[in-house]
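> need a structure here:
(4 chains)
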2 protein chains.
Amino acid sequence: MTATARKSFHAIKAEMARRIAERVWAPGALIPGEEVLSIEFGCARATVNRALQELARGGVLVRKRKAGTRVALHPMREARFVIPIVRQEIETKGGAYQFRLLSNRVEKAPTSVAQRMGLSKGKEMLHVQCVHLSNGKPYQYEDRWINLDAVPSIRNETFETISPNEWLVTHSPFSQAEIVFHAGVAGTHEAEILGVAEKDAVFIIERVTFVPQKPITFVRMIHPSSHRMVTQL
Amino acid sequence: MTATARKSFHAIKAEMARRIAERVWAPGALIPGEEVLSIEFGCARATVNRALQELARGGVLVRKRKAGTRVALHPMREARFVIPIVRQEIETKGGAYQFRLLSNRVEKAPTSVAQRMGLSKGKEMLHVQCVHLSNGKPYQYEDRWINLDAVPSIRNETFETISPNEWLVTHSPFSQAEIVFHAGVAGTHEAEILGVAEKDAVFIIERVTFVPQKPITFVRMIHPSSHRMVTQL
DNA sequence: TGACATAATATGTATATACATAATAACGTC
DNA sequence: GACGTTATTATGTATATACATATTATGTCA
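Numbering: from 1, shown residues only, chains lettered A, B, ... in the order given. The predicted structure is shown next:
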């Protein structure tokens, strides 16, 4: 068919994706230029361009000026996942959200934390710990260090009605982040807070957020081993 | 300034991103229409449209016809990570790559696997197990089930020179995937293969890949707890 | 008042055209 | 033949225009 009643860039994109998937256009192969494709599909070059650009963004095509467009050699695909707000994450899953503040005070940052944030070792930072609950059961233990130079106004926040997570999301935007996922074992402290056995496996997410040149916060989020992080492509 | 020597959609996008970040346009607020913005920025509506669409794709704006464009209420940001080929992942980190095939035979799929792939319970599938090594040390234990209906030609592959991971990447494209990350504890079998203590924490990635309506493969990739998955935003 | 048709409107997309830019290919010089 | 300059070319972007589509707002009639 391709008897395009309406030739949209969506249809064109889909058709090209099909050709790539079915190896009509083999990995590494140079595909026809925009001009040629626009004639083939009976549409404007701009339309083909949009379809090609979107496919390139998705990583299945590699485009270079003058050199042309080719099918990505290593279809190393990209997946996306959202950086959620814990409360939303819990509520989306149908749980009733609560959080409990465990501690909130200014302390000298330990080396490991200061280093991760690119700050000097003994720096005074706000150290906040809390646990997020879903239906009364511990869901995530949040251990957070906040750079007071970046968000001085947080000093007066008691976190009685709002969690540090949400406070920062609504008061302090960030433009860069580094996120690390890994597995670990629960220490005595974490086990107690999360209500799991000591030495149980835990799922750990660590995140440092920045605005250019200025670290805002480092957070370590620890989930019981039952936690699943799911994403679709 | 905004004394746009050249008013590109990049510049406009950046300026709008700034306004959102600095709360000039507050979360949830309705921002001016494309027409108005195009006048303000002194460019065509199409240019504004492109900038707005990209921001909307990134999740910081929410657009609805007739209703207009508003700043996302919950700036739930998206991060991306690549779905790597193990060999590349290891080599990028500077390790010498090897893999060892542990088993390769047709078996009846257990319920848990069949279910995940949306196939009937006792189905015959190719079950391949192997371990990927970095500098001789176990890096990932790969336990994979392959739907022979989707890739019949894999039946004759011995996997002596190429790992199932790479074979599939180069021979069988997929268009959809579901990926799950979680932490677990090493059973006797896994502990032995990965060279870690039994009950140690492990980082597990499970992935099911599809082409529309047809599952291709289900793979469970198990890493020692020293593994870190890193991504930047 | 409520149901339903209709108008108004912001975004979504397609098109032709023009020019910008990056990278290769061709060319000429030494 | 090595090297730098120029021409060529495919993609990248901007623009004006036109029409499509989804959704809200409005108005009409029972």
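
> remind me what the helix or strand hosting A:Glu142 packs against, helices and strands.
Per DSSP states H and E, A:Glu142 falls inside strand A:137-146. Strand A:137-146 sits against helix A:86-92, strand A:124-134, helix A:164-171, helix A:188-194, strand A:214-224, with contacts defined as 3 or more CB pairs under 8 Å, 6 or more residues apart in numbering or on different chains; DSSP states H and E. No exception for glycine: its C-beta is placed from N, CA and C like everyone else's.

> could you export those as CSV, including mean pLDDT, mean neighbour count and distance to B:Thr209?
Converted to CSV, the helices and strands packed on strand A:137-146 look like this (pLDDT from 0 to 100; neighbours: other CB atoms under 10 Å in any protein chain shown; distance: least, CB to CB, whole Å):
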stretch, mean pLDDT, mean neighbour count, distance to B:Thr209
helix A:86-92, 87, 17, 25
strand A:124-134, 93, 20, 30
helix A:164-171, 84, 20, 33
helix A:188-194, 92, 16, 33
strand A:214-224, 93, 21, 26
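
> how about the strand holding A:Glu142: buried residues?
Of all the residues in strand A:137-146, those buried under the rule 16 or more other CB atoms under 10 Å in any protein chain shown are A:Pro138, A:Tyr139, A:Gln140, A:Tyr141, A:Glu142, A:Asp143, A:Arg144, A:Trp145, A:Ile146.

> what's the closest of these to DNA strand D?
A:Tyr139 (33.1 Å; CB to the nearest atom of the strand).

> let me see the contact set for that closest one.
Each residue near A:Tyr139 by CB atoms under 8 Å, 6 or more residues apart in numbering or on different chains is listed here: A:Val86, A:Ile90, A:Gly95, A:Val131, A:His132, A:Leu133, A:His223, A:Pro224, A:His227.

> do you know how far the fifth one is from A:Glu89?
Distance of A:His132 to A:Glu89, computed by CB to CB, to the nearest Å: 9 Å.

> and what of the third one?
Applying CB to CB, the value for A:Gly95 to A:Glu89 is 9 Å.

> grab the nearest non-local neighbour of A:Met229.
Nearest residue to A:Met229 in three dimensions, chain neighbours excluded: B:Phe181, at 4.3 Å (CB to CB, 6 or more residues apart in numbering or on different chains).

> meant to ask about A:Thr188
Using CB to CB, 6+ apart, the nearest residue to A:Thr188 is A:Glu198, at 5.6 Å.

> list the strands paired with the lowest-mean-pLDDT helix or strand in chain A, with their directions.
Ranked by mean pLDDT, DSSP states H and E, the helix or strand of chain A with the weakest confidence is strand A:78-82, at a mean of 76. Sheet pairing of strand A:78-82 (DSSP bridges) gives strand B:78-82 (antiparallel).

> with just CA atoms, put the partner strand into CSV.
Taking Å, rounded to 0.1, in the frame of the first residue of the first chain, the C-alpha atoms of strand B:78-82 are listed here in CSV:
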residue,chain,number,x,y,z
GLU,B,78,13.5,11.9,32.4
ALA,B,79,16.9,10.4,32.3
ARG,B,80,18.2,8.1,29.6
PHE,B,81,20.4,5.2,29.7
VAL,B,82,21.8,3.0,27.0
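
> can you give me the buried ones in it?
Going by 16+ other CB under 10 Å, strand B:78-82 has these buried residues: B:Ala79, B:Phe81.

> swap in stretch A:70-79?
Buried-residue list, stretch A:70-79, by 16+ other CB under 10 Å: A:Arg70, A:Val71, A:Ala72, A:Pro75, A:Arg77, A:Ala79.

> also stretch A:30-43?
Judged by neighbour count (16+ other CB under 10 Å), stretch A:30-43 contains these buried residues: A:Ile31, A:Glu34, A:Leu37, A:Ser38, A:Phe41, A:Cys43.

> in strands only, show me these.
Residues of the buried residues of stretch A:30-43 located in strands (DSSP state E): A:Ile31.

> would you mind giving the domain segments of chain A?
Per automatic domain parsing, the domain ranges recorded for chain A read A:9-71, A:86-224.

> for B:Glu22, which of those is the nearest?
domain A:86-224 (7.8 Å; CB to CB).

> show the end-to-end separation of the closest one, please.
By CA to CA, to the nearest Å, the extent of domain A:86-224 from end to end equals 14 Å.

> now it, how far from the centre of its chain.
Counting by CA atoms, centre = their mean, to the nearest Å, domain A:86-224 is centred 16 Å from the centre of its parent chain.

> and for stretch A:50-68?
From the chain centre to the centre of stretch A:50-68 is a distance of 24 Å (CA atoms, centre = their mean).
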